[in-house]
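Visitor: One predicted model, sequence on top.
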Amino acid sequence: MTRKMVFAIGILLSVLLFPGCQQKKTHAAQDAKKYIDVLEKAMEQTTQKELKKKSAIPAYVYDADHIRDPFELPTTVKKKKEHENVILQDVALDSLKLTGIVLHDNDRVAIFRANDGKLYSIRVGTRVGLQEALLTQIGRNEVKFKIEIDTGAGQESRDVTLSLQESPP
């Protein structure tokens, strides 16, 4: 077979096959359109019946005059308590080292060494460090602090104990 014959047969087949597809498409499109029309008609009938059955819903009035806006910050902002007798405000409590305790009559003084190498003497009732820990007790070999932690639910206190560290000779 020559190329011309193959080309002619291809054109002949395409002319014969395409009109058949066109008829099938129109039948399918017509069937789909009929089905859609039936569904739309059924939906209209059911919605009309449901509207007749439903009674009127009472109106609800939303009054937000006395309710806080959820997109605004609360108006009451808790301020951090400022204590008068706070020393070493820029130093964390765990960075201090208890190097000595001085006992004289009924007076006790704790000696701490900060990271800068300086020594600080602290008495009971003094607040120390970033957490503003309150020195509550000075014992023979240890000191006790009370730290107030602000949780979301309120204030919570925690006790911290620092022991005397012996320095090498």
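Guide: Ah, there it is.
Visitor: use CA for all of it now, contacts and neighbours both
Guide: Noted.
Visitor: Distance check, the most centrally placed residue in the chain against residue 68.
Guide: The geometric centre of the chain, computed from its C-alpha atoms, lies nearest to residue 152 (C-alpha atoms, centre = their mean), at 13.8 Å. Per C-alpha to C-alpha, to the nearest Å, residue 152 is found 19 Å from residue 68.
Visitor: Equivalent analysis for residue 144, please.
Guide: The separation that residue 144 has from residue 68, given C-alpha to C-alpha, amounts to 43 Å.
Visitor: Neighbour count for these two, which is higher?
Guide: Per other C-alpha atoms under 10 Å, whichever of residue 144 and residue 68 has more neighbours is residue 144, with 18 against 11.
Visitor: got the contact list for that one?
Guide: For residue 144, the set of contacting residues under the criterion of C-alpha atoms under 8 Å, 6 or more residues apart in numbering consists of 135-138, 159-162.
Visitor: tell me which of those residues is nearest to residue 111?
Guide: Using C-alpha to C-alpha, residue 138 comes nearest to residue 111 of the contacts of residue 144, at 10.5 Å.
Visitor: Hmm, that closest one is touching residue 124, no?
Guide: Yes. Because the distance of 7.0 Å satisfies C-alpha atoms under 8 Å, residue 138 is recorded as touching residue 124.
Visitor: All the strands of this protein, residue numbers only.
Guide: Applying DSSP state E to the chain gives strands spanning 86-87, 97-104, 107-113, 119-122, 127-128, 133-138, 142-150, 155-163.
Visitor: returning to that earlier point: state the pair within the contacts of residue 144 that is farthest apart.
Guide: For the contacts of residue 144, with distances taken as C-alpha to C-alpha, the pair at the greatest spread is 138 and 159 (13.2 Å).
Visitor: So for those two, which residue has more residues nearby?
Guide: Summary of the neighbour comparison: residue 138 and residue 159, criterion other C-alpha under 10 Å, with residue 138 having more neighbours (22 against 13).
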